[in-house]
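S.K.: turn this into a structure:
(2 chains)
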Amino acid sequence: MAEEDHGMRRSLEELRQTFKSGTTRSVDWRKQQLRAILRLIHENEHLLFQLLESELGKHPVESYRDEIGVVKKSVDHALSCIDQWISPKKGRLPLLFFPASGKVLPEPLGLVLIIGSWNFPITLTLDPLIGAISAGNTVVLKPSELAPKCASFLANKLPLYLDPKAIKVIEGGSEVANQLLEYKWDKIFFTGSTKVGKIVMSAAAKHLTPVTLELGGKCPAIFDSLPNADMKVAIKRLVGGKWGPCSGQACIGIDYLLVEQKFASSLIEQLKKIIKRFYGDDVRNLKNLAKIVNKTHFDRLRNLLEDPAVANCIVYGGSFDDTNLIIEPTILLDPPLDAEIMNEEIFGPLLPIITLDNIEESIEFINSKPKPLALYAFTKNEKFKKRILAETSSGSVAFNDTMIQFVCDELPFGGVGQSGFGRYHGKYSFDTFSHEKAVLERSFYFELEPRHPPWNNFKLEFLRLAYNFNYVGLLLHLLGLKRA
Amino acid sequence: MASEDVKNSPAATVVFDTVAANSLVKELRSTVIAGKTKSYEWRASQLKSLLKMVEDRDKEICDALFSDLSKPETEAFIHEMALMKASCKLALKKLKDWMKPEKVKTTLGTFPSSAEIVPEPLGVVLIISAWNYPFLLSVDPVIGAIAAGNAVVLKPSEIAPAMSSLLAKLFGEYLDNSAIKVVEGAVPETSALLEQKWDKIFYTGNGRVGRVIMAAAAKHLTPVVLELGGKCPVLVDSDIDLTVTAKRIISGKWGCNNGQTCVAPDYIITTKNYAPVLIDSIKHHLVKFYGEDALNSLDLSRVVSSNHFARLTKLLDDDRVSGKIIHGGQTDKSSLKIAPTIVLDAPEDSLIMNEEIFGPLLPIITVNKIEDGINFINSRPNPLAAYLFTNKQQLKEEFVSNVSAGGVLINDISLHLMVNTLPFGGVGDSGMGAYHGKFSFDAFSHKKAVLHRSFFGDAPARYPPYTPGKLRLLKALLDGSILGIIRALFGWS
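M.R.: This is a model prediction of the structure:
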C-alpha cells in the first residue's frame, strides 16, 4: 500500500517536472500526441472491437459509432483547430486606456486528472484526454475498473504511443481513486455518478481544484403525435436511443418516455416491432445488444422490477439471462410514480412509459424531477418546442432525434444542476482544460495625473467624466471650460 | 427554534437558522418557477432600479464606506460606485444580445440539422461578498445574476457592517423582494445559507473560506465561482519611466483601500542595482501624495478592523522583518491606522513573505538579475494578478507566457479589472471562474445545447441489424467525407 502510494507520488512528481520543463507548451508536441492517438486507435481497431465485444457485448458497429469513430472525429477536429484555439483573443479597450492593448491568452492549467467511466470506456477517457493535451497539460488517466480489459488496454498501449513522461494511466478501483484524490491537481475531469461526483468535488475543495462533473440523470423523451410518414423514423430513433447505446447504460440514453394516453398502445405496438427487428425476441439469442456490465448492476436492474406493482406494468420483455448478463429490452406502462424505477436513474434496458392526458403536461412532469443531462422531444409543433426550450432546463435538448447531439463538435456537452457542471467537446474541451489569462499592456506615455492623490474636486470631477466615457466633457474640463 | 421572515428591522433579534434559510430558498424557487425572473422586461427593470439606487443614494453609500473603511470620497467614487454604474449600464445595453441564442455550425454527421446554444438562468444563486469593496463586490455580481435571469440572495460581509445594513435597506426599497434578498449576518447565518441547495454560489474572499464554501457546495453539486486572492507580485525592471512607475505602484497599492485589495501589489521584486533608485522615487512620491505625516492622511483608508490591525502588526513583529523597515512603520491602534511601510529584503520564510499581506506593508525583494524574478514568482502559488514594469519587449513576452496568474498587467496596476472585455478571475489558489462584462452573464447562466433534427435523411446505417456495409457508411459519415459517403453508399469502399 505504502509502496503503491510512493510509486504514485513519484509518477506525479515526474509529471509536474515535465510540465515545468515546458515540453507540453509546444504546439508541435501537442499535435504529435494527438496524431499518436489517431495511430493508436487506427492500429488497434480490431483489438478494440474484440475488447469492447467481450467486455460489454458491443457489436463492432456500435463500438465504432459510439467509441472509435467518436475519438477519431475528435482528434481530427482538434488537429485542424488547435492553432486557432491557442491563439490569443484581442479584447477591445475603451479610448480612455489609450495607449494600451488587451487580450485573453489561454494557458494550460498544469497537471490534470481524468476519471473515466465504464460504459464508454474508450470515448470517456480518450475524448477528455484530447482536450487536456490540446490545452498543453500533463495528464493522469484513471479508467474505470468496471471495464478492466479496456483499462488494461489503455495502461499498456498509451505509453507506447504517447509521451510517458507527460501522460500516465493509473489503474485501480475506488481505493486508488481515493488515493489520487488526496493529491493537489490543477483540474479534475470526472464522468460518472452523482454519488461519486460529490466525493470528487469534496476532495477537490481541499485544494481549490476546479472540476468538471459529467454526471447523469433521468433523461426524458417526450413523444407527441406525429404524422404516419414520420412515425417510422421516430420509432427507430427512439429504439436506437434507448437500447442502442450500451443497452441503455448511457448518461444521455433515454430513461423514460412521456406520451398521451390515447397513443400509448399504438406506440407500444410499434416499439415492439422495431425491437424485434433490431434485436430479436429470445433473451438467450439477442443480437446487437450490449450486456449489463456486471452482476451488481444486473441485480440492481432486476430489483427495480421486483415490486409486484412495478412488475405488473411490464408490457414487453422482462426476461433475464443470468449467465450472459443480458436483459431483454423491457417496456413498462405507467409504473407507480413513487417506485424506484421512476426515481433513480435506470441506466439499463428498462423503459417506463408514462401516459398523460395532454402532452403539454410533460413539461410539468419533467420539471418535478432534477435537471437531466439531455431532454428529447419528438414533435413537429413549433409552439410546443418553444415552450419546452423556455420552460425546462437540461444539459442539452434534441428535437426529433436521440443521442446525436453528442457528435456535434460545435455544441457544448455537459450538465446542469444534478446532471453536473462544466462542458466539453470541440473547443469546449480545450477551454475546459485551460486558464484564460487576461493580459493588459500599457505604455508610460500620457499619464493621467488625476488618477493619483492628493485628491481634490478637480480630480473627482475628472474621474466622473472619465467613467462616463464623456471624452468631450473631459476635454472641456481639462481646458477649464466645463463647470462641475 | 422558531424562525421568522427576515425583515429589515434593526431592533428585531430574528434568528436566521437553517429552517429560515430553507424557507427563503423555497420562496425564491417558486418565484423562479413562476417564470418571473426570466423575462427581459423584469431583468431590465431591476438593472434600471439599481442604477437609480446608486444615483439617488450616492451620499449614503459614500458615508457607509467612510464609516466602515474611512474610505476617501474619491476612492469610494472611482473604485466602487463608478465601476458599478459602468457595469450596470453595460448590462442594460447588451442584455438583449446576451440573451439571444447563438446559432452554431453543424457537420455532415448530423445532416440535416440546425443547432444553437440557448442561455438560460441557473435558478437561485447565492452571492457572498467581501468587506474591502463592500459595495462593488456585492452589487457587481448581483448585476450579472439578474442579467442572467436568476433569483438572488446576497450575503454582504459583516466586517463592513454599515454597508451591509445599507444594502439590506436599499435592496428592500429598490428591487423586487420576491426575487432578490439580502441576508445579513456572520458565521452562523452564512453556515445556514451554505447548507441549502443553490444553483450557483459566487464567493469573493480568501482561500480558507473558499475551501469551506466549495466543500459545502459539493454536497449539492453546486457549481461555484471563487474570487480569491494571493500575493500579487510586481516585477520592476530598470528600463522604465521611473516617475510614472512609482506613481502607478503607489496608487495601486496605497491608493486602493490602503493595500486591502485582492489585486493590490503585495510585494515588489527588482534588481539589487536598481532597488535604491526605485525606493527613492517611491518614498519621494509617497510624500507628495500623502504628506510627511502619511499615518494621518485623509486620502488613505484605514485598516478595516482591530483583528486585521493585529494581523498586520504581527507581520512586522518578527525581528528579522522589523529590522528591515526602510520607510514608515508607524501605527495607531486607536484609529486603526498603519502608515505606508516599506520593508527591504525580508527573509523568504517570514510570515510577511508567505501570507497575503492585504494591508499597507510593501516588501521589496532584490535579485541579481531581473529574470530571476520570474522564477521567484513561479515558485509560489498562482496569484490573482501579476505585474511587470519594463520597456523591454523580450522581458514582456517572457513574463506573459511564463507567469501563470489570473491576469497579467504590464506597466500599470489593477486597471485590467476595469476592462469589461477581459475576464476577471483567478487560477489555482487565486480562484476559479471569472466575471465582468459578458463573463458575468455567462457565470450565472447555463448554456443549453439544442439540436433540431428533421425526419429526412435518416441513415439506416445507424440501426441494427448491423452489417459491414453500414460500418463503412458510418465511418464515412463520422469522417464528414462526402466522397467517402458516396463510395460507401455505392459499396465502393
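S.K.: what about residue 387, which SS state?
M.R.: No chain specified, so I'll use chain A. Going by DSSP: H, G, I helix; E, B strand; the rest coil, the secondary structure assigned to residue A:387 is helix.
S.K.: not quite, go with chain B.
M.R.: When the structure is split into helix, strand and coil by three-state DSSP, residue B:387 lands in strand.
S.K.: what sits closest to it if chain neighbours are left out?
M.R.: With sequence-adjacent residues excluded and distances taken as CB to CB, 6 or more residues apart in numbering or on different chains, residue B:387 is closest to residue B:234, at 4.3 Å. No exception for glycine: its C-beta is placed from N, CA and C like everyone else's.
S.K.: may I ask which helix or strand encompasses that neighbour?
M.R.: Residue B:234 belongs to strand B:233-236 when assigned by DSSP states H and E.
S.K.: do residue A:171 as well
M.R.: Under the assignment here (DSSP H and E), residue A:171 is part of no helix and no strand.
S.K.: please apply the same query to the one 10 residues further on.
M.R.: Element membership for residue A:181 (DSSP H and E) is helix A:174-182.
S.K.: what's the first helix or strand after that helix?
M.R.: In the C-terminal direction, the helix or strand that comes right after helix A:174-182 (DSSP H and E) is strand A:187-191.
S.K.: please compute how far that next one lies from its chain's middle.
M.R.: With CA atoms, centre = their mean, to the nearest Å as the basis, the distance from the averaged C-alpha position of strand A:187-191 to the chain average is 10 Å.
S.K.: do you know how far residue A:146 is from residue A:249?
M.R.: Between residue A:146 and residue A:249 the computed distance is 10 Å (CB to CB, to the nearest Å).
S.K.: residue A:184 too?
M.R.: Taking CB to CB as the criterion, residue A:184 is separated from residue A:249 by 33 Å.
S.K.: could you do residue A:168 as well?
M.R.: According to CB to CB, residue A:168 and residue A:249 sit 28 Å apart.
S.K.: now residue 458: closest residue in space, sequence neighbours ignored.
M.R.: In the absence of a named chain, this looks at chain A. Distances taken as CB to CB, 6+ apart put residue A:450 closest to residue A:458, at 7.1 Å, once the chain neighbours are dropped.
S.K.: switch to chain B, please.
M.R.: Closest to residue B:458 by CB to CB, 6+ apart is residue A:233, at 4.6 Å.
S.K.: and residue B:171, by the same measure?
M.R.: If the residues on either side of it in the chain are set aside, residue B:171 comes closest to residue B:182, at 4.9 Å by CB to CB, 6+ apart.
S.K.: contacting residues for the nearest residue to residue A:100 once chain neighbours are set aside?
M.R.: The spatial neighbour of residue A:100 that comes closest, neighbours along the chain excluded (CB to CB, 6+ apart), is residue A:442 at 4.7 Å. For residue A:442, the set of contacting residues under the criterion of CB atoms under 8 Å, 6 or more residues apart in numbering or on different chains consists of A:97, A:99, A:100, B:409, B:410, B:411, B:412, B:415.
S.K.: still on that earlier bit, of residue A:184 and residue A:249, who's got more company?
M.R.: A side-by-side neighbour count of residue A:184 and residue A:249, using other CB atoms under 10 Å in any protein chain shown, places residue A:249 first with 22 against 15.
S.K.: next, the residue lying closest to that one once chain neighbours are set aside: secondary structure please.
M.R.: The spatially closest residue to residue A:249, leaving aside those adjacent along the chain, is residue A:119, at 4.7 Å (CB to CB, 6+ apart). Of the three states, residue A:119 takes coil under three-state DSSP.
S.K.: pop out the phi and psi values for residue A:119.
M.R.: The main-chain torsion angles of residue A:119 are listed as degrees, to the nearest 10 and equal phi -80, psi -30.
S.K.: could you measure from it over to residue A:323?
M.R.: 21 Å.
S.K.: between these two, point out the one with more neighbours.
M.R.: residue A:119 (28 against 7).
S.K.: doesn't residue A:292 make contact with the more buried one?
M.R.: No: here residue A:119 does not reach residue A:292: they are 10.5 Å apart, not a contact under CB atoms under 8 Å.
S.K.: tell me, what's touching these two both at once?
M.R.: Residues within reach of residue A:119 and of residue A:292 at once, by CB under 8 Å, 6+ apart, are residue A:249.
S.K.: ok, now which ones touch the closest residue to residue A:295 other than its chain neighbours?
M.R.: The shortest distance from residue A:295 to any non-neighbouring residue, by CB to CB, 6+ apart, is to residue A:325 (7.0 Å). Listed by CB under 8 Å, 6+ apart, the contact set of residue A:325 reads A:57, A:291, A:292, A:293, A:294, A:295, A:298.
S.K.: neighbouring contacts of stretch B:276-292?
M.R.: By CB under 8 Å, 6+ apart, the residues outside stretch B:276-292 that reach it are A:452-454, B:236, B:238, B:242-243, B:245-247, B:249-251, B:254-255, B:268, B:270, B:294, B:297, B:299-300, B:326-327, B:340, B:342, B:344, B:364.
S.K.: also stretch A:352-363?
M.R.: Among residues not part of stretch A:352-363, those counted as contacts by CB under 8 Å, 6+ apart are A:220, A:222-225, A:256-261, A:264, A:267-268, A:313, A:331-335, A:337, A:341-342, A:346, A:365, A:379, A:384, A:387-388, A:391-392.
S.K.: one more pass at 6 Å, please.
M.R.: By CB atoms under 6 Å, 6 or more residues apart in numbering or on different chains, the list of residues contacting stretch A:352-363 from outside reads A:222, A:224, A:256-258, A:260-261, A:264, A:332-335, A:341, A:391-392.
S.K.: emit the ChimeraX select command for whichever of these are buried.
M.R.: A single ChimeraX command is used to select the members of these judged buried by 16 or more other CB atoms under 10 Å in any protein chain shown:
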select /A:222,224,256,257,258,260,264,332,333,335,341,391,392
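S.K.: residues near the nearest residue to residue B:405 once chain neighbours are set aside, how many?
M.R.: When the adjacent residues along the chain are set aside, residue B:405 lies closest to residue B:386, with 3.9 Å between them (CB to CB, 6+ apart). Look at residue B:386: counted by other CB under 10 Å, it has 30 neighbours.
S.K.: what's the pLDDT at residue B:386?
M.R.: Here, the pLDDT recorded for residue B:386 equals 97.
S.K.: coming back round to it: inside strands: which ones of the contacts of stretch A:352-363?
M.R.: Using DSSP state E, A:222, A:256, A:257, A:258, A:260, A:332, A:333 are the members of the contacts of stretch A:352-363 that sit in strands.
S.K.: nearest to chain B among these?
M.R.: Here the nearest of the ones in strands among the contacts of stretch A:352-363 to chain B, counting by CB to the nearest CB, is residue A:222; it sits at 14.1 Å.
S.K.: so the spatially closest residue to that closest one that is not a sequence neighbour, which of the three states?
M.R.: Counting by CB to CB, 6+ apart, residue A:377 is the residue found nearest to residue A:222 once chain neighbours are left out, at 4.2 Å. Remark: residue A:377 carries the secondary structure label strand [criterion: three-state DSSP].
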